[in-house]
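1. Sequence first, predicted model second:
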Amino acid sequence: MNVLKLVATVLISLVLAGCASSKSGDVYTRDQARREMLVRTGVVESVREVTMEGTNSGAGTLAGAAVGGVAGSTVGGGRGQIVGAIIGALLGGMAGSAIEENATKKNALEITVNLDGGMLVAVVQEMGEIFYPGERVRVLSGDGSTRVTH
């Protein structure tokens, strides 16, 4: 049974590591490199800490279901093993989904910027750079994403 726990831990860790990505203002995807972005400037109006929900890609559900099914199949004999595998897979899938979402949840900032010209925008991005009300910043937009930087 200890081997099963080890396999479950390794599988879930690998799945969650594959789901990790950053939504910080100072991290760019490969596709964003060498692309033109609109640059606007303004003053930070307010900053508040928020929570960015975790991912639910289905990978945690699948890994949990696989581990739960194997663990459940060790219960009983004959048809009991089949029922145990099904119940184990269902419970493992629910647990894997919850673990994935909780493990990928991020602390973030909601930064409200009063742009030069009077427009007010709010951008949510993962914790990274620190921003203070009254500070001048740049708001970069392109390819459907926006970020606030110094």
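-> Done, it's in.
2. Any stretches of this protein with poor pLDDT?
-> Filtered on pLDDT under 70, the chain yields the residue ranges 1-34, 60, 76, 102.
3. How many neighbouring residues does Gly78 have?
-> Gly78 has 7 neighbouring residues, counting by other CB atoms under 10 Å. Heads up, the C-betas are built off the backbone N, CA and C, glycines and all.
4. Please determine how far it is located from Ala71.
-> Going from Gly78 to Ala71 by CB to CB, to the nearest Å gives 17 Å.
5. my guess is Lys105 contacts Asn56, does it?
-> No: judged on CB atoms under 8 Å, Lys105 makes no contact with Asn56 at a distance of 10.8 Å.
6. how about the nearest residue to Gly64, chain neighbours excluded?
-> Spatially, and ignoring its direct neighbours in sequence, Gly64 is nearest to Gly96 (1.9 Å; CB to CB, 6 or more residues apart in numbering).
7. Asn114 now?
-> Once flanking residues are discounted, Asn114 sits nearest to Glu45: 4.8 Å by CB to CB, 6+ apart.
8. mind listing what's buried in stretch 116-126?
-> For stretch 116-126, the neighbour count (16 or more other CB atoms under 10 Å) marks Val121, Val123, Gln125, Glu126 as buried.
9. how about it as PDB, C-alpha atoms only?
-> Output of stretch 116-126 as PDB, limited to C-alpha atoms (Å, rounded to 0.1, in the frame of the first residue of the first chain):
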ATOM      1  CA  ASP A 116      -3.400  59.800 -19.300                       C
ATOM      2  CA  GLY A 117      -6.500  61.100 -21.100                       C
ATOM      3  CA  GLY A 118      -8.900  60.200 -18.300                       C
ATOM      4  CA  MET A 119      -9.900  56.500 -19.000                       C
ATOM      5  CA  LEU A 120      -9.900  54.300 -15.900                       C
ATOM      6  CA  VAL A 121      -8.800  50.600 -16.400                       C
ATOM      7  CA  ALA A 122      -8.300  47.700 -13.900                       C
ATOM      8  CA  VAL A 123      -5.900  44.800 -14.600                       C
ATOM      9  CA  VAL A 124      -5.600  41.600 -12.500                       C
ATOM     10  CA  GLN A 125      -2.200  40.000 -12.700                       C
ATOM     11  CA  GLU A 126      -0.300  37.500 -10.500                       C
END
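10. Thanks a lot, see you next time.
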